[in-house]
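In: Pasting the sequence and the predicted coordinates here, then a few questions.
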Amino acid sequence: MTKTRPLILFRCAACGLALTHPVRLLDEVIALPSEDGVDLLVEGCCWRDDRPGRTTGRFLLNCKDIVNTRYHDDPRRTNGCCGPSGIDGVNVLCANGHEVATECSDCWTGPHHTELEPNTFIIAELPFSASWRTDTVLSLARVMCESRDFSALPILADALQDAGCDTDIILNYCRGPNPPHVRCWVVDLVLNEEERGAEEQMRARVEVRP
Ligand SMILES: [Zn+2]
Ligand SMILES: [Zn+2]
């Protein structure tokens with residue numbers, strides 16, 4: 001059995017609000033894209049930016065993995081033509097108004113990403129008990145994984161709850177309004193034997209660049 005990296009979640013250090021979807025930490029990212037306008041990282045992962053000459057302790061994520069946030073009240077922080085350029089300081093606040101991140105998503109400032117600022121977050125591991133993987137839970141997850149049709153996520157939430165799952169982040173996500181299109185982190189979490197494959201796929205997509 002392969003040991004997989006746990007899903008982690010970033011929370012605002014000031015108020016505890018979840019700031020990201022559950023994501024997996026990548027290590028040893030060999031090459032990052034440098035072109036304008038593309039995503040720096042695929043969804044579902046994060047990378048600790050320890051490149052020389054940069055402030056250490058920053059975590060980089062796909063902009064779509066950031067939740068419960070809004071842009072800074074000061075419009076000078078969000079300058080840009082088609083998205084904030086990220087060169088005017090912290091531009092993302094948690095929904096309770098704490099400065100937490102810098103989004104770079106303009107057309108000319110390199111790959112799009114959001115950087116969580118050092119010391120503004122705490123990292124929590126997402127709890128998932130093996131006893132929640134009942135036959136019903138597993139078969140629902142397998143069907144969704146194979147069909148890429150995630151419309152049964154609310155049913156999966158009920159099945160998980162029947163099995164004893166009380167993790168709000170998982171249940172609320174499954175019952176939320178926007179089912180994912182390609183991958184679902186809850187389904188991946190249930191089918192943990194497939195996590196390794198998913199992680200390597202993500203790494204390959206991050207690393208293989210022309
Ligand atoms: Zn906060
Ligand atoms: Zn632009």
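Out: Nice, thanks for sending it over. Numbering: from 1, shown residues only. Ligands and ions are numbered 1, 2, ... in the order given.
In: so where's the chain uncertain?
Out: 1-5, 28-30, 178-179, 193-210 (pLDDT under 70).
In: what ranges do the helices span in it?
Out: Under the criterion DSSP state H, the chain contains helices at 135-147, 153-162, 168-174, 185-190, 195-207.
In: gap between the two ends of stretch 173-185?
Out: 10 Å (Cα to Cα, to the nearest Å).
In: which residues touch it?
Out: For stretch 173-185, contacts defined as Cβ atoms under 8 Å, 6 or more residues apart in numbering pick out 7, 21-23, 43-44, 144-145, 148, 150-151, 153-154, 156-157, 160, 186, 198. For glycine as for every other residue, the C-beta is placed from the backbone atoms N, C-alpha and C.
In: contacts with ligand 2 among these, please.
Out: The subset of the contacts of stretch 173-185 within reach of ligand 2, by Cβ under 5 Å from the ion, is empty.
In: hang on, the earlier thing: want to throw the helices of the chain into JSON lines with mean neighbour count?
Out: Output for those, formatted as JSON lines (neighbours: other Cβ atoms under 10 Å):
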{"stretch": "helix 135-147", "mean neighbour count": "15"}
{"stretch": "helix 153-162", "mean neighbour count": "19"}
{"stretch": "helix 168-174", "mean neighbour count": "17"}
{"stretch": "helix 185-190", "mean neighbour count": "23"}
{"stretch": "helix 195-207", "mean neighbour count": "15"}
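In: want to try JSON lines for the ones you listed, with distance to residue 101 as columns?
Out: Converted to JSON lines, these look like this (distance: least, Cβ to Cβ, whole Å):
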{"stretch": "helix 135-147", "distance to residue 101": "30"}
{"stretch": "helix 153-162", "distance to residue 101": "27"}
{"stretch": "helix 168-174", "distance to residue 101": "19"}
{"stretch": "helix 185-190", "distance to residue 101": "20"}
{"stretch": "helix 195-207", "distance to residue 101": "20"}
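In: closest to residue 122 out of those helices?
Out: For these, proximity to residue 122 was assessed by Cβ to Cβ; helix 168-174 is nearest, at 14.4 Å.
In: what's the distance between the nearest residue to residue 43 once chain neighbours are set aside and ligand 1?
Out: Nearest residue to residue 43, sequence neighbours excluded (Cβ to Cβ, 6 or more residues apart in numbering): residue 62, at 4.6 Å. Using Cβ to the ion, to the nearest Å, residue 62 is found at 21 Å from ligand 1.
In: For residue 62, what are phi and psi?
Out: In this entry, residue 62 is assigned phi and psi values of phi -70, psi 140 (degrees, to the nearest 10).
In: Could you measure from residue 102 over to residue 89?
Out: 7 Å (Cβ to Cβ, to the nearest Å).
In: again but with residue 52, I slipped
Out: Counting by Cβ to Cβ, the gap from residue 52 to residue 89 is 22 Å.
In: who has more neighbours, those two?
Out: residue 89 (13 against 5; other Cβ atoms under 10 Å).
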